[in-house]
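A.B. asks: here are the coordinates; sequence isn't available:
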Ligand SMILES: Nc1nc2c(ncn2[C@@H]2O[C@H](COP(=O)(O)OP(=O)(O)OP(=O)(O)O)[C@@H](O)[C@H]2O)c(=O)[nH]1
């Protein structure tokens, strides 16, 4: 992928360089006409070309050229704002020199592509159910191990960070739990350990700090180590498991979807390739009139919009998007060479969320897009996800099941709707208490997350009831998968004080191909009927609706 992306970027750059002399020739002609007989229509045409050049040259390795173009653009903008009496003096000697400089700089290329970003080695193998622990307190380690097993996670213990680092040559864990106090005296991490932590985090190993200390300095130290979690001892296990489950969700998360609206096709292609190399799904909008249908079909999580385009401006398109309630919170980010403060503020007032200045480096583009999408996902998750399990709430999973069932009928592909319910759960609550009942619910959610595909959707449908949709999955595959999950769940050991117990689940499945006219809501009812057949037949069973 990376090699291909680099080759494609080189091809785009070549195309850009081939078109450049003609672009510069046009700018020269217009610029000289402006110097001799300034006119507003000439200025508008020239401004558009200088603006595009200022935004694109740096991206293709011609940083100095881009800077000169920007200076000329600013000079011209000043002329456009000034009264006609003062105007001629603004396009004097420095203007002509600037124009000459453009031609001289067209062959001065610099290497600005951050190839490191694009040639990053393929992410190392990750063991999704394995959690690593560096902790000298054996009691804490034993207890943690016992808790993790209930949720189908495995714990691998290390005596030192160095040992964990050596293991990271083979594979990476879901998370690395470190008690800083066992690295060095007084919980202050020494230089060598610090270096190892940095290397592990850079490899993509999420760091979770466990600590006895609640002071600000310890938290700052964890933050400096880029920890994604900080848990105080004695550990709150459900909270820790929830955090691990969220990390698992992130690993399984679908690629971020970005829509780019830019009239400069070469530049738009360049951004697209860079974002795709960072693992995102990217589409370019070809015609502004197709904007709403592109949103509907592609459902982007962020839109990058150029500010100045010939037919419609970025803020005008942002205004159209914001007229639709459904897209009121979609992040819209302008990507423009515009440095004028007033114009930028006005663009933000008209529906945009943020502003990135062209030319933007590849790394900054990826980081800016990724962090904004991550934040938007976090917010969305707070709204649509159940707080105990992190799965979709009732209304959200119902909505997704409708969409996916309609898609399955349309594509003539099978999809399975599944309902799951914990057996005799009331008895678990009555005997072991509500908190232990919650642990059982959380463990079903964690097991489902671990066993289902990225493209499947899981929801907490009711108290101890779960709904799932498995797109592109036929009856046999669904039965096999669900039966494995059922069997696996029945082997998990739960503990309460000094006793231990096991639980089972019953499962009902309804398949779209057996019910070609059924909507999502109908299939949910059918899957529920199958679930109650499983209950009636003795529980701990999977049934398919006939
Ligand atoms: N701990 C806990 N219990 C919950 C939660 N939501 C619902 N419940 C309990 O789940 C139990 C559901 O019990 P029932 O629907 O009667 O059925 P059951 O005992 O699971 O038995 P069968 O489904 O017939 O096998 C009730 O006792 C609810 O109070 C929750 O978030 N946490």
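C.D. replies: Looks like it came in fine. Keep in mind that this is a model prediction, so the values were computed, not measured.
A.B. asks: And the residue of the stretch 401-546 of the chain closest to the ligand?
C.D. replies: residue 463 (2.2 Å; Cβ to the nearest ligand atom). (Each C-beta comes from the backbone N, C-alpha and C, glycine too.)
A.B. asks: list the contacts for that residue?
C.D. replies: 425, 441 (Cβ atoms under 8 Å, 6 or more residues apart in numbering).
A.B. asks: which SS state does it fall under?
C.D. replies: Following DSSP: H, G, I helix; E, B strand; the rest coil, residue 463 is assigned to coil.
A.B. asks: Number the residues from 10 up from this point.
C.D. replies: With the count now opening at 10, the last piece we talked about shows up as residue 472.
A.B. asks: quick one: what helix or strand has residue 142 in it?
C.D. replies: If you go by DSSP states H and E, residue 142 is part of strand 135-143.
A.B. asks: on that earlier part again, could you report the distance from the residue of the stretch 410-555 of the chain closest to the ligand to residue 454?
C.D. replies: 13 Å (Cβ to Cβ, to the nearest Å).
A.B. asks: three-state assignment of the closest residue to the ligand within the stretch 160-309 of the chain?
C.D. replies: Nearest to the ligand in the stretch 160-309 of the chain, going by Cβ to the nearest ligand atom, is residue 247, at a distance of 11.0 Å. Assigned by three-state DSSP, the conformation of residue 247 is helix.
A.B. asks: Same check on residue 288?
C.D. replies: coil.
A.B. asks: residues in contact with it?
C.D. replies: 264-265.
A.B. asks: Which residue would be the closest one in the stretch 260-409 of the chain to the ligand?
C.D. replies: Using Cβ to the nearest ligand atom, the closest approach of the stretch 260-409 of the chain to the ligand is made by residue 397 at 6.2 Å.
A.B. asks: Would you mind measuring from that residue to residue 247?
C.D. replies: Residue 397 is 8 Å from residue 247, by Cβ to Cβ.
A.B. asks: One more: residue 175?
C.D. replies: Counting by Cβ to Cβ - residue 175 and residue 247 are separated by 32 Å.
A.B. asks: about what we covered before: would you say the residue of the stretch 260-409 of the chain closest to the ligand is within a helix?
C.D. replies: No: applying three-state DSSP, one finds residue 397 to be coil, outside a helix.
A.B. asks: what sits against it?
C.D. replies: Counting by Cβ under 8 Å, 6+ apart, residue 397 touches 247, 251, 447, 450-451, 454, 469.
A.B. asks: Nearest to residue 89 among those residues?
C.D. replies: residue 251 (56.9 Å; Cβ to Cβ).
A.B. asks: which ones are touching the closest one?
C.D. replies: Counting by Cβ under 8 Å, 6+ apart, residue 251 makes contact with 397-399, 451.
A.B. asks: most surrounded residue in these?
C.D. replies: With neighbours defined as other Cβ atoms under 10 Å, the most crowded of the contacts of residue 251 is residue 398; it has 24 neighbours.
A.B. asks: That residue contacts residue 456, correct?
C.D. replies: No: taking contacts as Cβ atoms under 8 Å, residue 398 lies outside contact range of residue 456: 11.0 Å.
A.B. asks: for the ligand, what are the nearby residues on the stretch 410-555 of the chain?
C.D. replies: The stretch 410-555 of the chain comes close to the ligand at residues 430-436, 438, 443, 446-447, 450, 472-473, 544, 548, as judged by Cβ under 6 Å from any ligand atom.
A.B. asks: Got a quick PyMOL command for the buried subset of those?
C.D. replies: Buried residues within these, by 16 or more other Cβ atoms under 10 Å, are selected in PyMOL with:
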select buried, resi 430+431+432+434+438+446+450+473+544
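A.B. asks: list the buried ones in the strand or helix carrying residue 104?
C.D. replies: Using DSSP H and E, residue 104 sits in helix 102-114. In terms of neighbour count (16+ other Cβ under 10 Å), helix 102-114 has its buried residues at 104, 107-108, 110-111, 114.
A.B. asks: can you redo those residues as CSV with distance to residue 353 and pLDDT?
C.D. replies: Formatted as CSV, the buried residues of helix 102-114 follow (distance: Cβ to Cβ, whole Å; pLDDT from 0 to 100):
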residue, distance to residue 353, pLDDT
104, 25, 78
107, 24, 80
108, 27, 80
110, 27, 78
111, 25, 78
114, 27, 72
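A.B. asks: Save those as JSON lines, and put in distance to residue 405 too.
C.D. replies: What follows is the buried residues of helix 102-114, written out as JSON lines (distance: Cβ to Cβ, whole Å):
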{"residue": "104", "distance to residue 405": "58"}
{"residue": "107", "distance to residue 405": "56"}
{"residue": "108", "distance to residue 405": "58"}
{"residue": "110", "distance to residue 405": "57"}
{"residue": "111", "distance to residue 405": "54"}
{"residue": "114", "distance to residue 405": "54"}
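A.B. asks: Keep the residues you listed, but drop any that are not near the ligand.
C.D. replies: Of those, not one also sits near the ligand (Cβ under 6 Å from any ligand atom).
A.B. asks: Tell me who's in contact with the one residue in the stretch 10-159 of the chain that gets nearest to the ligand.
C.D. replies: In the stretch 10-159 of the chain, the residue that lies nearest the ligand is residue 159 (14.8 Å; Cβ to the nearest ligand atom). Going by Cβ under 8 Å, 6+ apart, residue 159 touches 448, 452, 501-504.
A.B. asks: 10 Å instead, please
C.D. replies: By Cβ atoms under 10 Å, 6 or more residues apart in numbering, the contact set of residue 159 is 246, 250, 448-449, 451-452, 455, 501-504, 509.
A.B. asks: Name the member of the residues you listed with the most neighbours.
C.D. replies: The contacts of residue 159, ranked by neighbours (other Cβ under 10 Å): first place residue 455, 25 neighbours.
A.B. asks: Parallel or antiparallel, list what pairs with the strand holding residue 142.
C.D. replies: strand 163-167 (parallel), strand 181-188 (parallel) (DSSP bridges).
A.B. asks: quick one, which of those strands is packed in tightest?
C.D. replies: strand 181-188 (a mean of 24; mean count of other Cβ atoms under 10 Å).
A.B. asks: quick one: buried residues of the very next helix or strand once past that strand?
C.D. replies: Sequence order places helix 200-211 as the next helix or strand after strand 181-188, per DSSP H and E. Of all the residues in helix 200-211, those buried under the rule 16+ other Cβ under 10 Å are 202-203, 205-206, 209-210.
A.B. asks: Including pLDDT, could these go into TSV?
C.D. replies: Formatted as TSV, these follow (pLDDT from 0 to 100):
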residue	pLDDT
202	85
203	86
205	92
206	91
209	92
210	91
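A.B. asks: what helix or strand is the closest residue to residue 377 other than its chain neighbours on?
C.D. replies: The spatial neighbour of residue 377 that comes closest, neighbours along the chain excluded (Cβ to Cβ, 6 or more residues apart in numbering), is residue 365 at 5.7 Å. Element membership of residue 365, judged by DSSP H and E, is strand 363-366.
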